[in-house]
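> I need the structure of the sequence given here:
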Amino acid sequence: MKFSVTVTLKKDVLDPQGKVVENTLQNIGMESLKSVRQGKYFEIEVSDQDPQKAEKKVDDMCKKLLANLVIEDYKVNKI
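Below is the predicted model of the structure:
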């Protein structure tokens, strides 16, 4: 079973890398750009056949390693 995981900084957390990308895009003529937030993307494949168990394992991976829950949010989607 395959899952995609998107990890982003929480809305209240300053995103300096996203700000650099935003400023650069505006400097090269993208005036209508409102904002940019940068994150991480993972594609994870697990051998479990039970969708609930598989998603629970991916959720545990996020909580234990992939996301810093103090400053980041994450979203898991089945592919």
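> how about Lys2, nearest residue that isn't a chain neighbour?
Ile79 (4.1 Å; CB to CB, 6 or more residues apart in numbering). Bear in mind the C-beta positions are built from the backbone N, C-alpha and C, glycine included.
> please apply the same query to Lys19.
Spatially, and ignoring its direct neighbours in sequence, Lys19 is nearest to Val36 (7.5 Å; CB to CB, 6+ apart).
> go ahead and confirm the one you found touches Leu25.
Yes: using CB atoms under 8 Å, Val36 is in contact with Leu25, at 6.9 Å.
> which one of these two is surrounded by more residues?
Neighbour count, other CB atoms under 10 Å: between Val36 and Leu25, Val36 has more, with 17 against 13.
> ok, now which ones touch Ala67?
Neighbour list for Ala67: 7, 73-74 [criterion: CB atoms under 8 Å, 6 or more residues apart in numbering].
> which of those tops the neighbour count?
Note: the member of these with the most neighbours is Tyr74, at 20 neighbours, neighbours being other CB under 10 Å.
> specify the local secondary structure of it.
strand (DSSP: H, G, I helix; E, B strand; the rest coil).
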